[in-house]
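Asks: Everything below, folded, please.
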Amino acid sequence: MTGEMDYRGEPGGELIVEKDDFRLGTLEDELRVDRLCREILMRFYFQLMEDGATPERATFLAGGADYFTRDFVVGFRQRSIFDERPGIVRQFAGNWYIVTTLEPDIAQLSGHLEGIREFYRFLRSHGLVSGEFLRQIEQECADTDFYAGRISSFWDITGDGYYAWEQEFTLKDS
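Replies: Just a heads-up that it's a prediction; the model follows:
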């Protein structure tokens, strides 16, 4: 990714991304990709501010995108943020967020989903993901009633019920 950072840390210049730089394979790759994700998320943050968002709003949206991209996509799934895999948000929101959060709730999850949606709109505006994938992301992010039901059904699990619940949006590769 190129583009100079000015003295305040604000990126300047055209956003140029080499998607292959976001591929993972080793621990060193993960560290590099984490740094690249932080850089592109900062670009996203400053674009939000440039577009009129308050610092608080930009932080809120960038924070949701950061949690999804760095913790889930890169850290857990070990994938590039540019891999266009339908269902990735559903795995995040309908399973991973629920089982890795101490007190999962739909209000917090909705904030993450809003950040994810806006981040992928930003990526699309720079030609980094396809319009079809963006539509898929938007659809998955909008399904908050479904995710609220998943959170509720998680709390209702008894006995061996977790296995059936997890299989709906398994985190295992098929």
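
Asks: which SS class is W96?
Replies: helix (DSSP: H, G, I helix; E, B strand; the rest coil).

Asks: Buried ones in the lengthiest helix in the chain, by neighbour count?
Replies: As assigned by DSSP state H, the longest helix anywhere in the chain is helix 27-50. Going by neighbour count (16 or more other C-beta atoms under 10 Å), the buried part of helix 27-50 is 33-34, 36-37, 39-49. All C-beta spots, glycine's among them, are computed from the backbone N, C-alpha and C.

Asks: Could you do stretch 139-152 as well?
Replies: Quick answer for stretch 139-152 (16+ other C-beta under 10 Å): 140-141, 143, 147, 150-151.

Asks: And for stretch 88-105?
Replies: Applying 16+ other C-beta under 10 Å to stretch 88-105 flags 88-98, 104 as buried.

Asks: show me where pLDDT drops low in the chain?
Replies: The model of the chain has pLDDT under 70 over residues 1-14, 173-174.

Asks: Go again with 50.
Replies: 1-10, 174 (pLDDT under 50).

Asks: in this protein, which spans are helices?
Replies: Using DSSP H, helices in the chain cover 27-50, 55-66, 88-91, 97-100, 106-125, 131-142, 144-155, 161-168.

Asks: Pull the residues that contact the first one.
Replies: Translated: helix 27-50. Contacts with helix 27-50, where a contact means C-beta atoms under 8 Å, 6 or more residues apart in numbering, come from 1, 3, 9-11, 15, 17, 21-24, 55, 57-59, 61-62, 65-66, 69-70, 74-75, 78, 80-81, 118-119, 122.

Asks: how distant is that helix from the center of its chain?
Replies: Computed by C-alpha atoms, centre = their mean, to the nearest Å, the chain-centroid distance of helix 27-50 equals 12 Å.

Asks: now it against helix 55-66, angle please.
Replies: Going by axes from the mean of the first three to the mean of the last three C-alpha atoms, to 10 degrees, helix 27-50 is angled at 150 degrees with respect to helix 55-66.
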